[in-house]
Each structure stands twice: as C-alpha cells, then as structure tokens.
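Peer 1: Structure of the sequence below:
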Amino acid sequence: MFLGTLAVLAGLLALVAYGGDFAARITRRLTEATSQAEVEPLGPEGGAVAGPTGVVLLVPEGALAAPAAVGISPVEDAPPLPGGMTAAGGVYRVAFSDGVRLAEPAEVALPVERVAGVEDDCYAALRWDGARWAYAGGRLRGDMLWIDTTSDDLLTVAACERGQFATLAVQGGWPHPLTVHPQGWKPAAGSCPVSPGAFSLPPSAGSAAASRREVRLPAGAYAGWCVEWQAQGSAYHTITDFPLTLPADGCEPGDASGCEPPVLPLTLDGAAVRTGPCQVPRATGGG
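Peer 2: Numbers count the residues shown, from 1 in each chain. Okay, here's the model as predicted:
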C-alpha cells in the first residue's frame, strides 16, 4: 500500500499548482491515496503527504527553507468537543520536524463525515490551541474541508445545527504572510459554543485597495485583532483596535444579492510594531 501511495503522490506532484482548481481536481484521487507511513521528507520545492482515510497535507514551493520531516496522522485520544458540536470527521495531528514554521501557509484537506440535517455552512474545522478547541473556518469542497496551517497543528471537523457563521472581508496591503488572532469576541445569540481561532493570510499582491481576502468566522462582536508575522528570522506583531460586528445573517461568499460583508482594513504601514508573537495560547497538541 505504501508503494502504491508513493506512485499516486508522484503523479500528483507533477501537477502541483497550488490553487482552488488544483485542490478540487485532485480531491477524489487524494481520498484514495492512503498510507500507513504518514511521514515524508519535504524540501523547499514543496510536496504532498497523504495519511489514512484520505487526509492530506499540501506544502507549497518555498514554504520550507530547508528539508524537513512532515507528518500527518490520526489521534485517538483527543480532547472532547465543546457542547453543542457534533464530530464530523477524525482528529489529525500535523507535525513538522524541529518545530518548523512555514513561510507560506500549507493546505490540509480533512475528510468530512456528513451529519444528517446539517447544511454545508454549518461544518467547520476546529483547531486545538493548547487549552480549547477554537473555530478555524475552512473551505468545504465536496466531502473535504480545506484549511490553512503554518506549524504543528491538531485539527478536526465538527458540525453545529445552530451554525452562526459569517463572512469577513480583509482588505489592505502587507508584504509578509500574516496570522490574525481575533480579540475580545462576544458570540451572537444562539451561536455554537466555539470561539474563533487565528486565520492566515498570504502576502497581498498589488495595491492595498485591490488586495482582498474573505474569511469565515463565528458571528458576533469583535473588539480588535492581533496581527503577527515573521521577517528576517524574527517575530513581530501589532494590535489593531478595530471593533466589528459580524451578523449571522450577513453576506456569504458568492452572494448574488450584491450585499457586501463587513470589511477589516489591514495594513502594516504606520502600525505600532512590537517584537515577538501575539500573546495568545499556542497549539501544543492534545490527548
């Protein structure tokens, strides 16, 4: 089985073009590419690692500065989900040798086990932040939920019949990959009991006005945002005090009605930059 998996991966790596079309095109094949050995050596050229049940990690070119062992494996004794959330897939650990942090986000595809009566918008990836499961969003494509990661992670898929999620548009200009940590969240009434986690943003291209990225977050009120990045081997962060309320019945991606989601203007120009990462719980695994 292991040799068969390597053959599948070899074919996939010849097609690598890390975009939405690529992800959709290979989802079916990756579901079949299971392996009992979930650790692969990858280098600056990037690549793919397939694990049991079809879970897969796609590392883009340039994300790794040097060769590293990259693994993805199931976790049996993971922390329980928050009340009101239903498991909709396995729990998986993503690990990089020596605690490597990627320069560009990788994509993890998590298989989704459908829950009767739950609509697509109510499935979400959860990330263990060292103390609790936090909402991590994700992009549902068929029966796979895709989520970004930049370091060691513990991830799962959950469903909520009382899903109260909303779209946020982030617009601005920044030269580095960013990790944004929501601050001071107060949930919308009736929302699922899972708090928002951090989300990743690739470097913006073009002008600040033209650079825009939409993300999914739990509905509710947000007091501010802690933005962190790495440059020349050092970590930096800044606090953006920009309160926003995301209504549960707000705009959705691709909404044909012409409505616009709330916008978070984000730029590092003139920001009060501080050394070190944001002071939030860090993922430590679990179980």
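Peer 1: Do I have it right that H176 meets E228?
Peer 2: No: at 9.7 Å, H176 does not count as touching E228 under the criterion of CB atoms under 8 Å. For the C-beta atoms, the positions are set from N, CA and C on the backbone; glycine is no exception.
Peer 1: Comparing the two, which shows the higher neighbour count?
Peer 2: Set H176 next to E228 and count neighbours by other CB atoms under 10 Å: E228 wins out with 21 against 15.
Peer 1: what's the pLDDT at the more buried one?
Peer 2: If you check E228, the pLDDT there is 94.
Peer 1: Contact partners for V215?
Peer 2: Contact partners of V215, counting by CB atoms under 8 Å, 6 or more residues apart in numbering, are 137, 167-168, 170, 199.
Peer 1: Quickly list what it is bridged to.
Peer 2: Beta-bridge partners for V215, by DSSP bridges, are L168.
Peer 1: And D148, by the same measure?
Peer 2: D148 has the following beta-bridge partners by DSSP bridges: E107.
Peer 1: what about it, neighbour count?
Peer 2: Neighbours around D148, by other CB under 10 Å: 24.
Peer 1: ok, of the contacts of V215, which one's closest to C160?
Peer 2: Here the nearest of the contacts of V215 to C160, counting by CB to CB, is G137; it sits at 13.1 Å.
Peer 1: so what's that closest one closest to, chain neighbours aside?
Peer 2: Computed as CB to CB, 6 or more residues apart in numbering, the closest residue to G137 that is not its neighbour in sequence is R216, at 4.4 Å.
Peer 1: got it, and L268?
Peer 2: W174 (5.1 Å).
Peer 1: Output the contacting helices and strands for the top strand by length along the chain.
Peer 2: Longest among the strand segments of the chain by residue count, using DSSP state E, is strand 86-96. If you count contacts as 3 or more CB pairs under 8 Å, 6 or more residues apart in numbering; DSSP states H and E, strand 86-96 packs onto strand 68-74, strand 106-111, strand 153-159.
Peer 1: Same list, those, but as a markdown table with mean neighbour count, mean pLDDT and distance to G46 please.
Peer 2: Putting the helices and strands packed on strand 86-96 into a markdown table (neighbours: other CB atoms under 10 Å; pLDDT from 0 to 100; distance: least, CB to CB, whole Å) gives the following:
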| stretch | mean neighbour count | mean pLDDT | distance to G46 |
| --- | --- | --- | --- |
| strand 68-74 | 19 | 89 | 10 |
| strand 106-111 | 24 | 94 | 8 |
| strand 153-159 | 25 | 92 | 17 |
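Peer 1: Which of these sits closest to V194?
Peer 2: Here strand 153-159 is closest among those (CB to CB), at 7.4 Å.
Peer 1: That closest one packs against which elements?
Peer 2: Strand 153-159 packs on strand 86-96, strand 106-111, strand 123-128, strand 133-137, strand 144-149, going by 3+ CB pairs under 8 Å, 6+ apart.
Peer 1: List of residues touching that strand?
Peer 2: The contact list for strand 153-159 (CB under 8 Å, 6+ apart) reads 75, 78, 81, 85-94, 108, 110-113, 115, 118, 122-128, 133, 136, 138, 145, 147, 149, 194, 283, 285-287.
Peer 1: residue ranges for the strands of the stretch 151-287 of the chain, please.
Peer 2: Taking DSSP state E, counting those that start in this stretch as the test, the strands found in the stretch 151-287 of the chain are 153-159, 165-173, 178-183, 186-187, 195-196, 199-201, 212-218, 220-222, 224-231, 234-240, 244-246, 263-267, 274-275.
Peer 1: re the thing from before, quick one: the residue nearest to L268 and A231 touch, right?
Peer 2: No: using CB under 8 Å, W174 is not in contact with A231, being 10.7 Å away.
Peer 1: between the two, which one's more packed in?
Peer 2: Ranked by neighbour count (other CB under 10 Å), W174 and A231 place W174 first, with 20 against 11.
Peer 1: check contacts around the more buried one.
Peer 2: W174 makes contact with 201, 203-204, 229, 266-268 under the criterion CB under 8 Å, 6+ apart.
Peer 1: now, among the residues you listed, which is nearest to A68?
Peer 2: Closest to A68, out of all of the contacts of W174 and judged by CB to CB, is W229, at 20.4 Å.
Peer 1: What is the burial count for that closest one?
Peer 2: Count around W229 with other CB under 10 Å applied: 21.
Peer 1: what separates the residue nearest to it when sequence neighbours are not counted from D153, distance-wise?
Peer 2: Residue nearest to W229 in three dimensions, not counting chain neighbours: H176, with 4.2 Å by CB to CB, 6+ apart. Going from H176 to D153 by CB to CB, to the nearest Å gives 20 Å.
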